[in-house]
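>>> structure, please.
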Amino acid sequence: MEVTLLWILCAALIVAGLAGTVLPVLPGTVLVWAGIVLGAWIDDFQRVGTTTLVVVTVLAALAWVLDYVAGLLGARRAGASRQALVGAAIGTVAGLFMGVVGVLFMPLVGAALGEYLAQKDQHRAVRVGVATWLGIMLGLLAKVVLAFIMVGLFVAALLI
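So this is what the prediction gives:
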């Protein structure tokens, strides 16, 4: 019975982590990683061994880095000001309280508003806002893909 509960916890961590790759409130890839490590431990690392865990850990770290760097790279590429970066961060936090639409679009609004306040140029503000948003969305997509690769490697290791 205890092992069954541990496997349920393992699955719950992975599912919560997959949800967290899209919802910034949850540390997505960290939860997926924790579920995988728990699953490996439950099985005494017999089927999910060191190599798989190292690869999954590297993928989790890469996803975490991409999550934070992608939006900044998009903003920097568009020549965003410091105020635009602060605006994107504030927009991200504000978006948490507005559901999925807020999470997806408030960073764009925050970056554009921050850039407008800094430069007083509406066209530049829109360009910076869109570039920041595209960076964030590409980072999100990469994080989701990496999380599913992590889960795929775990399931393959369990089944093979």
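>>> so where's the longest helix in this structure?
In the chain, assigned by DSSP state H, the helix with the most residues is helix 122-159.
>>> which other helices and strands contact that one?
helix 2-20, helix 28-42, helix 50-77, helix 82-96, helix 99-119 (3 or more CB pairs under 8 Å, 6 or more residues apart in numbering; DSSP states H and E). For every residue, glycine as well, the C-beta is placed using N, CA and C.
>>> identify each buried residue in that helix, please.
124-125, 127-129, 131-137, 139-140, 142-144, 146-147, 150-151, 153-154, 157 (16 or more other CB atoms under 10 Å).
>>> go on, stretch 15-22?
16-18, 20-21.
>>> quick check: mean pLDDT across it?
Over the span of stretch 15-22, the pLDDT mean works out to 92.
>>> show me which of the buried residues of stretch 15-22 is closest to Pro27.
Taking CB to CB as the measure, Pro27 sits nearest to Gly20 out of the buried residues of stretch 15-22, at 5.9 Å.
>>> contact partners for the closest residue to Ala88 other than its chain neighbours?
Closest residue to Ala88 apart from its sequence neighbours, by CB to CB, 6 or more residues apart in numbering: Ala111 at 3.9 Å. Each residue near Ala111 by CB atoms under 8 Å, 6 or more residues apart in numbering is listed here: 75, 80, 84-85, 87-88, 91, 128-129, 132-133.
>>> in CSV: those, plus distance to Tyr68 and pLDDT.
As requested, those are arranged in CSV below (distance: CB to CB, whole Å; pLDDT from 0 to 100):
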residue, distance to Tyr68, pLDDT
Ala75, 12, 75
Ala80, 15, 79
Ala84, 16, 83
Leu85, 12, 81
Gly87, 17, 86
Ala88, 12, 82
Gly91, 15, 85
Val128, 18, 82
Gly129, 19, 82
Thr132, 13, 81
Trp133, 15, 82
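>>> cool, thanks, signing off.
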